[in-house]
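Participant: please work out how this folds:
(one chain, ligands or ions: 1)
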Amino acid sequence: MMPRASQSQTGPLTRVLRLRLKDKHAAALREKSYWVNMVWNYCNDLSFKVWERERRFMSGYDFAKYTKGAGKAGIPLHSQTIQAISEEFAARRKQSKKLKLRWRVSEDARGRWYINISVKVGRPAASRMERSIGIDLGLKDFASTSDGEVIDAQHIYRDAEARLAAAQRAGKKKIVRNIHAKTANKRRDFNHKLSARLVVGHGAIFVGNVNAGALAKTRMAKSVSDAGWSQFRTMLSYKCDSAGVWFDEVHEAYSTQDCSACFARSGPKGLQDLGVREWTCLECGEHHHRDVNAAKNILRRGRATLVVGIPVL
Ligand SMILES: [Zn+2]
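Facilitator: The predicted structure follows:
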């Protein structure tokens, strides 16, 4: 789940924080996720009951006497694992400043564990908004920004494609696997570097909520899965979180069609116009790069969402 801005116009915003758990716990978590959830739930309930009764919060240490003997009760977790979960719970509850956590523990494709927590956060200072940027994720070019930068990712695949086709024809499965693995590594490296670069110098970053799942059902499926959008967005999201940069996804409906200068819906429409890379607004005469214009609209909507507090289309 990605952070989302919503709710009232002046109060704090609710965001979903995605926090990565320590890798050293990951192996135990994967095997025992059901029981991990049980222990986390138990801590959540117990912590809330103790607060209701005594108006104090339990520390990680406090949980130990309640979870002692869990092994005898049939919970197949090592006592140190249970202790690690309850300490993690106590730390996260304190960090979120909430009485009770809404929670979920999830694992990504790379075997890293995350918990998603809803927290109230203050709005970013106005000065930050001046250094905000919108990003449109595309198929032709990987990304375009509201600053006018167009970022290409084709080099990742260009070299591999011919070799891949040859290996597939020759039925060399091991080589095919190796090429896929190398390409995935290159893409990950590219996404890491790009997300790290974008976080520097920006106070707020807005990305279109392009739906890779829906596009994957079309004939563009290969391009979509190759594009690695979701990996990029996940990286950008957690890098923004740790750098204190505001991050949000923005509805991108009509972001391609709307003129970012005069807001008339005068741009290229639908799949048949997908090849239109540049266009001129009939209303105001502004000449646009298709995706840079979309990124400018995403930035405008992102800013408006933050200021007004509700999604703006
Ligand atoms: Zn216009």
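
Participant: please identify the buried residues of the lengthiest helix in the chain?
Facilitator: In the chain, assigned by DSSP state H, the helix with the most residues is helix 173-199. Within helix 173-199, the residues scored as buried using 16 or more other Cβ atoms under 10 Å are V176, I179, T183, K186, R187, R188, F190, N191, L194, S195, L198, V199. All C-beta spots, glycine's among them, are computed from the backbone N, C-alpha and C.

Participant: equivalent analysis for stretch 234-251, please.
Facilitator: Buried residues in stretch 234-251 (16+ other Cβ under 10 Å): 234-241, 245-250.

Participant: so which of those residues sit within strands?
Facilitator: Within the buried residues of stretch 234-251, residues falling in strands by DSSP state E are W246, F247, D248, E249, V250.

Participant: tally of neighbours for the residue lying closest to N293 once chain neighbours are set aside?
Facilitator: What sits nearest to N293 in space, not counting adjacent residues and going by Cβ to Cβ, 6 or more residues apart in numbering, is S260, at 5.0 Å. Number of residues near S260 (other Cβ atoms under 10 Å) recorded here: 21.

Participant: can you show me the helices along this protein?
Facilitator: Remark: helices assigned in the chain by DSSP H are 26-31, 33-54, 60-67, 79-96, 126-130, 155-169, 173-199, 212-215, 221-227, 229-243, 290-308.

Participant: looking at those, which is buried most?
Facilitator: Ranked by mean neighbour count under mean count of other Cβ atoms under 10 Å, these are led by helix 290-308, which reaches a mean of 23.

Participant: as a whole number, average confidence for it?
Facilitator: Helix 290-308 carries an average pLDDT of 86.

Participant: likewise for stretch 99-110?
Facilitator: 66.

Participant: before we move on, back to that, could I get the buried residues of helix 173-199 in JSON lines, plus columns for pLDDT and distance to Y34?
Facilitator: Formatted as JSON lines, these follow (pLDDT from 0 to 100; distance: Cβ to Cβ, whole Å):
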{"residue": "V176", "pLDDT": "89", "distance to Y34": "36"}
{"residue": "I179", "pLDDT": "88", "distance to Y34": "37"}
{"residue": "T183", "pLDDT": "86", "distance to Y34": "35"}
{"residue": "K186", "pLDDT": "89", "distance to Y34": "36"}
{"residue": "R187", "pLDDT": "88", "distance to Y34": "33"}
{"residue": "R188", "pLDDT": "88", "distance to Y34": "30"}
{"residue": "F190", "pLDDT": "92", "distance to Y34": "36"}
{"residue": "N191", "pLDDT": "93", "distance to Y34": "32"}
{"residue": "L194", "pLDDT": "95", "distance to Y34": "37"}
{"residue": "S195", "pLDDT": "94", "distance to Y34": "33"}
{"residue": "L198", "pLDDT": "94", "distance to Y34": "38"}
{"residue": "V199", "pLDDT": "91", "distance to Y34": "36"}
